[in-house]
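Asks: Just need the structure, nothing else, for what follows:
(2 chains)
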Amino acid sequence: MGVDQPLRLDERLLLFMDQLEALEEKRHKLNSLIEEGWFSIAKARYSMGNKQVSALQYASEMEPLVCVETSVLEGGTAEFKCERKENKIEEVKNNTIEDIGAKETGLRRRTNANQKGVKEEEQERDQVNSKAESSTPEHRDPLKWFGILVPQNLKQAQSAFKEVITLSAEIASLQSAILATRKEMQAQKKEKQEKTQPEVKKQ
Amino acid sequence: MPGRGKLIAVIGDEDTCTGFLLGGIGELNKNRKPNFLVVEKDTSVTEIEETFKSFLARSDIGIILINQFIAEMIRHAIDAHMESIPAVLEIPSKEHPYDASKDSILRRAKGMFSAEDFR
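Replies: Residues are numbered from 1 along each chain as shown, chains lettered A, B, ... in the order given. Below is the predicted model of the structure:
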């Protein structure tokens, strides 16, 4: 027990150092990407005009295209994972197309007795179609706030910031892990001190 | 317990907010308060602090991104936040590059080492 504890503390310390190093690397990448994004925005502003790329152009209604899935692990560490809604919409579209295809071939073979069932299925299909259609206008590309034809620089800025968002989730997870490791190390150090203090007293 | 579909909030200058909104994090509608705040020269510290606290109180925000120079204005509020969710991430601004020594998280991590720890 006495030998294990310093080893565990050393392992925690090494893990802590590794996490800090990983954090520094990701931070450096994040900062460069953000600067790249600003530079692209500045170039777009230069070609489009000051007021064309500003808060004045923001839409009056926005819907988030990216969200973050959070989960809390055993040690109190939080994990963050980015998810883009664009991918989900494509999946819904693909599913609706597949469903329509299957139902159409199925319908041709149905007998008269099953006509009521067929009507219900058609209604469902219409509902699914309307859902898919209503979801696409809502998930508009924010690039369109700045005009129909936007310069390449603005698209570059968008892709830089999309990467920043994904990295932010990773950094948030790492930060949480670092704080959890620190807590564990403090607890283990306290334990170690409590065990060594009675020995000192005896001496 | 997994928490699905939380938002990313941002408190930053105009270019920072524009960039992140281009990335698709923005939510703005009549029913709910926006998940972003564009900080301008005339934005008061009270407004920034109130917005930050309102983001912390919301259960649908997972990450709060904030320019470091703005974080410095409300450092006491950020240091007081001990929960893991929402996570607070300090980011640089155009006039103020990122300084790791000012970051709340790294200051907490740094503070644990003293000369006695290495005996």
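
Asks: For whichever residue of chain B sits closest to chain A, give its distance to residue B:16.
Replies: Of all residues in chain B, residue B:24 sits closest to chain A, with a separation of 3.2 Å (Cβ to the nearest Cβ). Bear in mind the C-beta positions are built from the backbone N, C-alpha and C, glycine included. Distance of residue B:24 to residue B:16, computed by Cβ to Cβ, to the nearest Å: 15 Å.

Asks: What ranges in the chain fall below the confidence cut-off?
Replies: Using chain A. For chain A, the stretches flagged by pLDDT under 70 are A:1-3, A:86-139, A:198-203.

Asks: that's the wrong chain, I meant chain B
Replies: Flagging of chain B using pLDDT under 70 yields the residue ranges B:1-4, B:111-119.

Asks: longest strand anywhere in it?
Replies: Longest strand of chain B, by residue count under DSSP state E: strand B:3-12.

Asks: Quick check: buried residues in whichever helix or strand comes after that strand?
Replies: Heading C-terminal from strand B:3-12, the first helix or strand you meet, by DSSP states H and E, is helix B:14-23. Going by neighbour count (16 or more other Cβ atoms under 10 Å in any protein chain shown), the buried part of helix B:14-23 is B:15, B:16, B:17, B:18, B:19, B:20, B:21, B:22, B:23.

Asks: Export those to a markdown table and append columns for distance to residue A:58.
Replies: Below are the buried residues of helix B:14-23 laid out as a markdown table (distance: Cβ to Cβ, whole Å):
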| residue | distance to residue A:58 |
| --- | --- |
| B:15 | 13 |
| B:16 | 13 |
| B:17 | 8 |
| B:18 | 8 |
| B:19 | 12 |
| B:20 | 12 |
| B:21 | 7 |
| B:22 | 10 |
| B:23 | 13 |
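
Asks: what domains does the record give for chain A?
Replies: Listed by automatic domain parsing, the domain ranges of chain A are A:1-59+A:151-203, A:63-139.

Asks: ok, residue B:110 to residue B:69 distance?
Replies: Distance, residue B:110 to residue B:69, by Cβ to Cβ: 21 Å.

Asks: In terms of neighbours, single out the busier of these two.
Replies: residue B:69 (19 against 13; other Cβ atoms under 10 Å in any protein chain shown).

Asks: Could you export whichever strand or helix holds the more buried one as CSV, CA atoms only?
Replies: Under the criterion of DSSP H and E, residue B:69 resides in helix B:68-73. C-alpha atoms of helix B:68-73 as CSV (Å, rounded to 0.1, in the frame of the first residue of the first chain):
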residue,chain,number,x,y,z
GLN,B,68,-10.0,37.1,-22.8
PHE,B,69,-10.0,40.9,-22.5
ILE,B,70,-13.8,40.8,-21.7
ALA,B,71,-13.1,37.9,-19.3
GLU,B,72,-10.7,40.1,-17.4
MET,B,73,-13.6,42.6,-16.8
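
Asks: quick check: longest helix of the chain.
Replies: Picked chain A for this. Secondary structure assigned by DSSP state H gives helix A:152-202 as the longest helix of chain A.

Asks: think we crossed wires, I meant chain B
Replies: helix B:45-57.

Asks: who does it touch, helix- and strand-wise?
Replies: Other elements packing on helix B:45-57 under the criterion 3 or more Cβ pairs under 8 Å, 6 or more residues apart in numbering or on different chains; DSSP states H and E are strand B:3-12, strand B:36-38, strand B:61-67, helix B:68-73, helix B:75-79.

Asks: Tell me the helices and strands packed up against the third one.
Replies: Going back to what we said before, that points to strand B:61-67. strand A:66-72, helix A:152-202, strand B:3-12, helix B:14-23, helix B:45-57, strand B:87-91.

Asks: Could you check the angle the shortest one makes with strand B:61-67?
Replies: Taking axes from the mean of the first three to the mean of the last three Cα atoms, to 10 degrees, one finds that strand B:87-91 is oriented at 20 degrees with respect to strand B:61-67.
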